[in-house]
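**Q** I'll drop the sequence and a predicted model, then ask my questions.
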Amino acid sequence: MNNIDPKISVVIPVYNRSKSLECAVKSVLNQSFSNFELILVDDCSLDNSWEIMNSFEDRRVRCFQLKTNSGASKARNFGIQKSNAAYISFLDSDDFYEPDFLLETLNVLEPTSEEIGFMWTGVRYIENGLKNEFSWSPKLLKTPYLTFLNSLHIGTNSGITVKRKVFDQCGNFDSNLPAAEDTEFFLRITKMFNFTSTNKILINIERDGKDRLSKNFVKIAEAYNKFLKSHLVTINDNSLLKTKFYYKMMWLNYQAKNKKLARYYFKNIPKSKIATPNKYFLIFLIYELFSLELATKMHFRLAAKPWLLH
């Protein structure tokens, strides 16, 4: 029998994770807080992930399998629809929680006011045996939305927990986007909800062998070209925001081989004393004059040495 009245739901999308899935699941089952449900959503894995999912004899575990391979966003959305709790946490199938993740999350999020919609935790990145801890406390601006437009350093794997009412009022993840669906989601929900966080390191993110979707700039360009339109009124009204996003849209569209759109964004970067156009002009010339492969290498070498761009 499933847990019919859980306090919190954990959703794990699964695709070909037979080597890491057991660790992820056990990190949930071994939580110090026990009143939860764990929803595993298999996105038509080609390995034996589905068999591993069904091997856990625990009434709190619920397993589902999508009919067709649809991507992590649809898997998460399916998990949200199947969940029964007022709080929903997300865990990637190759990451794992610290034992007190759920307890600490509820201690922070449950007492919050109605305007608080979600939270995140500190993370520990693990790559090639090296560990690096990171926690993000954003500089608060006039509104949560402006705060996230100016600076956004979290994703769905950052110990994210969301109140159910956020999905009810704002919708789920946009599964039509090929990338950056978490960025779009956070920008959308911060128009209506505020946030909180804890600096405690409560989730471990494995980077070894990670699907590097974040490095697929063509998909990211396609995604930003779709969803950024709904934010341009605010962006265009702020010189710093316009500089930041127009520069990003310039080089992303060069990556997508859309020179016309890339040139449009470059030409409309504000020419002000606050944000000198020199470095943007340099990157613009690099993409205009050299092959995409060479321009990309030059761009990111310069980005790694920001003093060269001032």
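**A** Yes, it's here. Numbering: from 1, shown residues only.
**Q** how long is stretch 31-48 end to end?
**A** End-to-end distance for stretch 31-48, by C-alpha to C-alpha, to the nearest Å: 25 Å.
**Q** Now it: buried residues?
**A** Applying a neighbour-count criterion of 16 or more other C-beta atoms under 10 Å, one finds 31, 33, 36, 37, 38, 39, 40, 41, 42, 43, 44, 45 buried in stretch 31-48. In short, each C-beta sits where N, CA and C put it, glycine included.
**Q** Tabulate those residues in CSV, adding columns for secondary structure and pLDDT.
**A** Formatted as CSV, the buried residues of stretch 31-48 follow (DSSP: H, G, I helix; E, B strand; the rest coil; pLDDT from 0 to 100):
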residue, secondary structure, pLDDT
31, coil, 98
33, coil, 98
36, strand, 98
37, strand, 98
38, strand, 98
39, strand, 98
40, strand, 98
41, strand, 98
42, strand, 97
43, coil, 97
44, coil, 96
45, coil, 96
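**Q** Pull the most distant pair out of these.
**A** By the measure C-beta to C-beta, 33 and 44 form the most distant pair in those, at 31.6 Å.
**Q** now the helices: where do they sit in the stretch 51-200 of the chain?
**A** In the stretch 51-200 of the chain, the helices defined using DSSP state H, counting those that start in this stretch lie at 72-82, 101-109, 144-150, 164-170, 181-189.
**Q** Which one of the ones you listed lies nearest to residue 27?
**A** Closest approach to residue 27 among the helices of the stretch 51-200 of the chain (C-beta to C-beta): helix 101-109, 7.9 Å.
**Q** how much space between residue 48 and residue 14?
**A** Here the distance between residue 48 and residue 14 works out to 11 Å (C-beta to C-beta, to the nearest Å).
**Q** circling back: which single one of the buried residues of stretch 31-48 is nearest to residue 266?
**A** residue 43 (38.0 Å).
**Q** Can you tell me the closest non-neighbouring residue to the closest one?
**A** Nearest residue to residue 43 in three dimensions, chain neighbours excluded: residue 15, at 4.3 Å (C-beta to C-beta, 6 or more residues apart in numbering).
**Q** what stretches of the chain score poorly on pLDDT?
**A** Where the chain drops to pLDDT under 70, the residues are 1-4, 208-215, 272-277, 305-310.
**Q** Next, the distance between the ends of stretch 169-177.
**A** 20 Å.
**Q** Any buried residues in it, and which?
**A** Judged by neighbour count using 16+ other C-beta under 10 Å, the buried positions of stretch 169-177 are 170, 172, 173, 174, 177.
**Q** hmm, back to that, is it true that the residue nearest to residue 43 touches residue 40?
**A** No. Counting by C-beta atoms under 8 Å, residue 15 sits too far from residue 40 to count as a contact (11.3 Å).
**Q** Quickly list what's touching both of these two.
**A** Residues touching both residue 15 and residue 40 (C-beta atoms under 8 Å, 6 or more residues apart in numbering): none.
**Q** Any idea how many residues pack against residue 58?
**A** Close neighbours of residue 58, defined as other C-beta atoms under 10 Å, add up to 12.
**Q** distance of it from residue 47?
**A** Residue 58 sits 22 Å away from residue 47, going by C-beta to C-beta.
**Q** try residue 14
**A** Per C-beta to C-beta, residue 14 is found 10 Å from residue 47.
**Q** again, but for residue 144
**A** Computed as C-beta to C-beta, the residue 144 to residue 47 distance reads 40 Å.
**Q** Quick check: phi and psi on the residue nearest to residue 43?
**A** Per-residue torsions, residue 15: phi -150, psi 110 (degrees, to the nearest 10).
**Q** And the strands in the chain, which stretches?
**A** Along the chain, counting by DSSP state E, strands occupy 8-14, 36-42, 61-65, 87-90, 96-97, 116-127, 130-134, 161-163, 194-206.
**Q** In JSON lines, list those strands along with distance to residue 295.
**A** Formatted as JSON lines, the strands of the chain follow (distance: least, C-beta to C-beta, whole Å):
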{"stretch": "strand 8-14", "distance to residue 295": "34"}
{"stretch": "strand 36-42", "distance to residue 295": "39"}
{"stretch": "strand 61-65", "distance to residue 295": "43"}
{"stretch": "strand 87-90", "distance to residue 295": "35"}
{"stretch": "strand 96-97", "distance to residue 295": "38"}
{"stretch": "strand 116-127", "distance to residue 295": "27"}
{"stretch": "strand 130-134", "distance to residue 295": "29"}
{"stretch": "strand 161-163", "distance to residue 295": "39"}
{"stretch": "strand 194-206", "distance to residue 295": "30"}
